[in-house]
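Colleague: Just a sequence and a predicted model for now, questions to come.
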Amino acid sequence: MTISPINWSEEFSVGIKSIDNQHKKLVAIIKTLHDAIADGEASEILGKIFDELLDYSRHHFSYEEELFKWYGYPDAEHHKKEHVELANHLARLRRKMEEGDNFMGEVLLLKFLQDWLLNHIMKSDKQYAPFLIEKGAK
Ligand SMILES: [Fe+2]
Ligand SMILES: [Fe+2]
């Protein structure tokens, strides 16, 4: 099974530059997994990519949450809960991979991560965007 790589596209833009740049970085990290699988090198660097993704997504989620606080976004609690679930899910997968316990395999992981990120951007991040833009977030 092959999966086409995720590539940044303007349709993912939430219209806030700082956020788009962070989303681009997340896309780029996931893309490195795609390329590693294509080159048959995924098993060597999977853990490293995973940790980078965990790290950077934590950073990104807190950044969004800081903006919510700063601008008084009314639906912040709901969005934060989603971040917690996303981060927990990722950490759980990382553990499974480490323990070799029912791990889904690289290709399914890639598919999961691509959906994980794009669904959140398209369905949830796009919901806060109009409010934050109106308040002046850049
Ligand atoms: Fe986001
Ligand atoms: Fe978010």
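Modeller: That came in fine, so what should we check first? Ligands and ions are numbered 1, 2, ... in the order given.

Colleague: buried ones in stretch 11-31?
Modeller: Within stretch 11-31, the residues that count as buried by 16 or more other Cβ atoms under 10 Å are 12-14, 16, 19-20, 22-23, 25-27, 29-31. C-beta here means a position set from N, CA and C on the backbone, and glycine is covered the same way.

Colleague: try stretch 66-75
Modeller: For stretch 66-75, by 16+ other Cβ under 10 Å, it's 67-68, 71, 73.

Colleague: likewise stretch 86-93?
Modeller: 86, 90, 93.

Colleague: Which single one of those is nearest to ligand 2?
Modeller: Relative to ligand 2, the closest of the buried residues of stretch 86-93 is Leu86; by Cβ to the ion it sits at 8.0 Å.

Colleague: tell me which strands and helices the strand or helix carrying the closest one is in contact with?
Modeller: Here Leu86 sits within helix 76-99, counting by DSSP states H and E. In this structure, helix 76-99 makes packing contacts with helix 42-71, helix 106-119, judged by 3 or more Cβ pairs under 8 Å, 6 or more residues apart in numbering; DSSP states H and E.

Colleague: Including mean pLDDT, could these go into TSV?
Modeller: Formatted as TSV, the helices and strands packed on helix 76-99 follow (pLDDT from 0 to 100):
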stretch	mean pLDDT
helix 42-71	94
helix 106-119	91
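
Colleague: Ligand 2 is nearest to which of those helices?
Modeller: With respect to ligand 2, and counting by Cβ to the ion, the nearest of the helices and strands packed on helix 76-99 is helix 42-71 at 4.8 Å.

Colleague: about what we covered before: comparing the helices and strands packed on helix 76-99, which comes out most buried?
Modeller: With neighbours defined as mean count of other Cβ atoms under 10 Å, the helices and strands packed on helix 76-99 peak in mean count at helix 106-119, which reaches a mean of 17.

Colleague: right, is the helix or strand following that helix up against ligand 2?
Modeller: Following helix 106-119 in sequence order, the next helix or strand is helix 126-135 (DSSP H and E). No. Helix 126-135 is not in contact with ligand 2 by Cβ under 5 Å from the ion; minimum separation 7.5 Å.

Colleague: what's the angle between helix 126-135 and helix 76-99?
Modeller: Here helix 126-135 runs at 130 degrees with respect to helix 76-99, directions being taken by axes from the mean of the first three to the mean of the last three Cα atoms, to 10 degrees.
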